[in-house]
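1. pasting the structure only:
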């Protein structure tokens, strides 16, 4: 059943950090929302929208502020010919099936509705909605989208599942799987893994998978970043357990710090420039030497929106990945604004890490 999330209140429109936090928790407990809508405080179209959503068979989560919590209950009660009563110190529809502090669940026809009060600086209340959809996400590397779809289609038909493939970066495909009535996602993933043994990671979160894999093998990683400005470190450390594997990260924007911290030679910098395969190779080597880690990733580039040249235009990025036994450097060119180039660079670097040592990661 489709999941729709409705945010009611100005704070959810303008406070993106709060909005992202709520959506993360919903995705963990239920499913990834198919649709999301936003309404400002005092929006006079809200009643008609709630009435419409209540008559659409779906799962509906309404996230609202403290000041709008009872108003939402009143609108739902009006739309469903119900009345509000006081439960758990809050007004809510009498027909609420389950309720806890700041959260209640009602059923109207084929629609299940969870209304939640969310405020800044505190944990969100219990999400009472449980997903009825059996789903999973896996990741496949070193394969293009169309070829992957043709490979997975026969397996999906065998195990009664459907899937969507999204390209996150060149050579990195995210596969979102949904079970049909009698589908078997577990066997679909197992069969896909046998077919793509050195390419498939059976996890929805690749960074968590890297943390778990390196933790189990007692291995460490470090980063040397220039244009990504610590983004790789953020990607890793926003996941639990990152301290088990991350030795540290050096953000070396200037040539002086590339030299002093990472032992990148002045000759290399002068001959090839800071944005070059030679420099990221020495950056990754220096990061490995100073940290004594098992893996290092180095990134140097021109994220933009200015600073490019004819030979090295904006979007030019060099990425180096190194283990104790191997290393590889790649020249990339990404399009988009500064932040998009940075994010693409970080994703591409993670892909390169995984493909550098397939024995460890696959």
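-> Great, that's in hand. Model, not experiment: these values are computed from the prediction.
2. so how far is residue 340 from the residue nearest in space to the middle of the chain?
-> Closest to where the C-alpha atoms of the chain average out (CA atoms, centre = their mean) is residue 205, at 7.3 Å. Noted for residue 205: a distance of 21 Å to residue 340, by CB to CB, to the nearest Å. Bear in mind the C-beta positions are built from the backbone N, C-alpha and C, glycine included.
3. what do you get for residue 324?
-> Relative to residue 340, residue 324 is positioned 33 Å away (CB to CB).
4. Name all residues that make contact with the nearest residue to residue 110 once chain neighbours are set aside.
-> Using CB to CB, 6 or more residues apart in numbering and skipping the chain neighbours, the partner closest in space to residue 110 is residue 57 (3.7 Å). Residues near residue 57 by CB atoms under 8 Å, 6 or more residues apart in numbering: 1, 109, 110, 111.
5. which helices and strands sit right next to the longest helix along the chain?
-> Counting residues, the longest helix found in the chain (DSSP state H) is helix 338-356. Contacts defined by 3 or more CB pairs under 8 Å, 6 or more residues apart in numbering; DSSP states H and E place helix 338-356 against strand 135-141, strand 161-169, strand 172-179, helix 206-216, helix 231-237, strand 295-301, strand 316-323, strand 327-333.
6. Mind checking what secondary structure the residue nearest to residue 25 when sequence neighbours are not counted has?
-> With CB to CB, 6+ apart as the criterion, residue 25 has its nearest non-adjacent residue at 5.6 Å, and that residue is residue 124. Using DSSP: H, G, I helix; E, B strand; the rest coil as the criterion, the local structure at residue 124 reads coil.
7. For residue 247, which non-adjacent residue is closest in space?
-> Here the residue nearest residue 247, using CB to CB, 6+ apart, is residue 291, at 4.1 Å.
8. Oops, could you answer that again for residue 170 instead?
-> residue 348 is the one closest to residue 170 (CB to CB, 6+ apart), at 7.4 Å.
9. Verify the stated contact: the one you found with residue 321.
-> No: contact criterion CB atoms under 8 Å: residue 348 and residue 321 do not qualify, at 10.0 Å.
10. Neighbour count for the two, which is higher?
-> residue 321 (27 against 22; other CB atoms under 10 Å).
11. Setting aside sequence neighbours, what's the nearest residue to the more buried one?
-> residue 352 (4.4 Å).
12. Residue 323 is in contact with that neighbour, correct?
-> No: contact criterion CB under 8 Å: residue 352 and residue 323 do not qualify, at 11.3 Å.
13. From residue 80, how far out is residue 9?
-> Per CB to CB, residue 9 is found 22 Å from residue 80.
14. And those two? Which one has more around it.
-> More crowded of residue 9 and residue 80, by other CB under 10 Å: residue 9, with 26 against 20.
15. since we're on the nearest residue to that one once chain neighbours are set aside, how many residues are nearby?
-> Distance criterion CB to CB, 6+ apart; nearest residue to residue 9, sequence neighbours excluded, is residue 65 at 3.8 Å. Residues lying near residue 65 (other CB under 10 Å) number 19.
16. Between the two ends of stretch 10-20, how far is it?
-> Length of stretch 10-20, first residue to last, CA to CA, to the nearest Å: 15 Å.
17. List the buried residues of that stretch.
-> 12, 18, 19 (16 or more other CB atoms under 10 Å).
18. Look up how far residue 50 lies from the last one.
-> Separation of residue 19 from residue 50 (CB to CB) stands at 20 Å.
19. Please apply the same query to the first one.
-> In this view, residue 12 and residue 50 are 16 Å apart by CB to CB.
20. And residue 249, by the same measure?
-> From residue 249 to residue 50 the distance is 47 Å (CB to CB).
21. now do residue 272
-> Separation of residue 272 from residue 50 (CB to CB) stands at 61 Å.
22. sorry, back to before: wait, what's in contact with the residue nearest to residue 247?
-> For residue 291, the contact set (CB under 8 Å, 6+ apart) comprises 220, 222, 247, 248.
23. 7 Å instead?
-> By CB atoms under 7 Å, 6 or more residues apart in numbering, the contact set of residue 291 is 222, 247, 248.
24. Work out for me the element the second one sits within.
-> Element membership of residue 247, judged by DSSP states H and E, is strand 246-251.
25. follow-up on the earlier one: highest neighbour count among the contacts of residue 57?
-> Counting neighbours by other CB under 10 Å, residue 111 leads the contacts of residue 57 with 18 neighbours.
26. The closest residue to residue 331 other than its chain neighbours pairs with what?
-> Excluding the flanking residues, the one nearest residue 331 by CB to CB, 6+ apart is residue 318, at 5.7 Å. Beta-bridge partners of residue 318, counted by DSSP bridges, are residue 300, residue 331.
27. Going by how many neighbours each has, rank residue 272 and residue 50 and give me the top one.
-> Per other CB under 10 Å, whichever of residue 272 and residue 50 has more neighbours is residue 50, with 22 against 15.
28. Got the domain ranges for this protein?
-> What automatic domain parsing lists as the domains of the chain is 3-117, 135-204, 207-361.
29. can you give me the offset of the shortest one from its chain's centre?
-> Okay, so that is domain 135-204. Remark: domain 135-204 is offset 18 Å from the chain centroid, using CA atoms, centre = their mean, to the nearest Å.
30. Same question for the longest one.
-> Centroid displacement of domain 207-361 relative to its chain, using CA atoms, centre = their mean, is 20 Å.
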